[in-house]
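In: I'll drop the sequence and a predicted model, then ask my questions.
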Amino acid sequence: IPANVRSLQNHNRSVEKAEPGMRTAVNLGDAGLAQRGKPGARRGQIVTLPGFGRATTVVDVELARSGRTHPQLPVPPPLRDRQRVAVHHAGTLVEARLLLAGHRVLETGATCFARLRLEEPLLVFAGDRLLLRDAGQHHTLAGAVVLDAFPPPALPFLRPAHQLMLEVRRTALAAGDAAAFLLGQLERDRVVPAEEALGYSVFPDAAREAAVSQLQEAGRVTATGGRLLHRPWWEEAQRSAADAIFAHHRRKPEEPGLPLEALRKAVGGVAGERRLFDAFLDELAHHGFVREGPVVRHHDHRPRLAPGLEPAATRIRDALVANRLDPPQKKDLAPDPQALKVLRFLVQSGEVVDLDERFVIHRDGFAGVRAAVIAHLRAHPGARAADLRDASGISRKLLMPILERLDADGTTRRDGDFRWLKDGAGP
């Protein structure tokens, strides 16, 4: 509920600021009291700055049931999995559904991890304490410590990795160890935005820098692009990427490198976000790998044909050199999959220029036609295709895809049936 703080009072005295522990009255402008069907201020709500607090409807906690009994009080009833409970936090009361981890019933004196699905949003931090009562408010059932105020919704509650993180957080909170608390989150999530490190926990902001520095010195965390990364996971992903690239070089030596999409699949979660994947590629570059367009290769790799494919390459080269201005169609040059692989290699290596779905041409033939087109347009600006056909000496069926390629690479400019040489175009 948006509101303006008009004034503060402490024991009927106006004050400029309220310190922790002070009994404070806050005069909120523009916020009336909540009424049936109308939102407003009510008991238990928290006053905070815009954008600072984000309420949650799911929290993971450690439950603890006291083993003590009182002779004048009834024994509390059992605490059951999926039971409805009333959750008390500070002055707030929220109803919730309780999910126990590994228990159908939690007896007195026992502890376990649990998840609370709240019926109303609640602003809590990891380390905050809760009190659980039965839905009818007759019995106090258990106490709880918040371990995760925003558990990942897609992560199953009983998944071992999540349970391990909760155990690490339980120990870290008990010991006041901010570094261990942050490491537990990184071991589960792998990547944490730097500004969210130790967020929504009882650890102060000042503890963040010290915790990150401590983990960096221990080799457990690396920072890049405003993110904190679990270093062992990051290094393992680097090794997986290197293995995938080298395996591709061995399996397909004729290709320039491993396609980026294949690399994304090999490294999994690293590729989930573009900026993170770009940082990953930058890190690979420090280890001798090069990104070239849509592929990544080791800097020592040079595409080469396997020995068994050289005869097909020689046949294709000879056919194109012998017919530089009237080359055979692709289907005749590469009638089978092996020959097609060789033709793709020659195109990627620059020996052959791919024109369209039917034709390729030897690079020397393409260079000759290009030079003839440029010379003619310098002497006769605004030439038609027929004029350029006569100047180059090739057929129209081959000239047209060459002219379209020259348009695309900025050598020429087309306007209707006429073409001009673009400024700066040359041999």
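Out: Yes, it's here.

In: where along the stretch 151-300 of the chain do the strands fall?
Out: 191-193, 221-224, 227-230, 258-259, 289-292, 295-298 (DSSP state E, counting those that start in this stretch).

In: how about those in JSON lines, adding mean neighbour count and distance to Cys112?
Out: Quick note: C-beta positions are derived from backbone N, CA and C, even for glycine. Formatted as JSON lines, the strands of the stretch 151-300 of the chain follow (neighbours: other Cβ atoms under 10 Å; distance: least, Cβ to Cβ, whole Å):
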{"stretch": "strand 191-193", "mean neighbour count": "16", "distance to Cys112": "27"}
{"stretch": "strand 221-224", "mean neighbour count": "18", "distance to Cys112": "30"}
{"stretch": "strand 227-230", "mean neighbour count": "23", "distance to Cys112": "27"}
{"stretch": "strand 258-259", "mean neighbour count": "20", "distance to Cys112": "47"}
{"stretch": "strand 289-292", "mean neighbour count": "16", "distance to Cys112": "47"}
{"stretch": "strand 295-298", "mean neighbour count": "20", "distance to Cys112": "47"}
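
In: Kindly reformat those strands as CSV containing distance to Ala179 and mean pLDDT.
Out: As requested, those are exported to CSV (distance: least, Cβ to Cβ, whole Å; pLDDT from 0 to 100):
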stretch, distance to Ala179, mean pLDDT
strand 191-193, 13, 88
strand 221-224, 9, 90
strand 227-230, 12, 92
strand 258-259, 37, 96
strand 289-292, 32, 94
strand 295-298, 35, 96
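
In: among those, which is nearest Gly382?
Out: strand 289-292 (38.1 Å; Cβ to Cβ).

In: Output the closest one in CSV with nothing but the alpha carbons.
Out: C-alpha atoms of strand 289-292 as CSV (Å, rounded to 0.1, in the frame of the first residue of the first chain):
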residue,chain,number,x,y,z
PHE,A,289,39.7,-20.9,-27.5
VAL,A,290,38.5,-18.5,-30.2
ARG,A,291,34.9,-17.5,-31.1
GLU,A,292,34.5,-17.0,-34.8
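
In: can you point me to the longest helix in the protein?
Out: What stands out as the longest helix in the chain, according to DSSP state H, is helix 231-251.

In: Name the residues of that one that are buried.
Out: Within helix 231-251, the residues that count as buried by 16 or more other Cβ atoms under 10 Å are Arg231, Trp233, Trp234, Ala237, Gln238, Ala241, Ala242, Ala244, Ile245, His248, His249.

In: For the residues you listed, give me TSV that also has distance to Met22 and pLDDT.
Out: Shown next, in TSV, are these (distance: Cβ to Cβ, whole Å; pLDDT from 0 to 100):
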residue	distance to Met22	pLDDT
Arg231	43	94
Trp233	45	93
Trp234	45	93
Ala237	50	93
Gln238	52	94
Ala241	55	95
Ala242	58	96
Ala244	60	96
Ile245	61	96
His248	65	95
His249	68	95
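
In: Quick one, grab the pLDDT at Pro74.
Out: pLDDT for Pro74: 66.

In: and what of the one 4 residues further on?
Out: The predicted local confidence for Pro78 comes out at a pLDDT of 84.

In: what about it, how many neighbours?
Out: The number of residues packed near Pro78 is 13, by other Cβ atoms under 10 Å.

In: Excluding sequence neighbours, find me the nearest residue to it.
Out: Val105 (4.8 Å; Cβ to Cβ, 6 or more residues apart in numbering).

In: So in terms of bridging, what pairs with that neighbour?
Out: Beta-bridge partners recorded for Val105 (DSSP bridges): Arg80.
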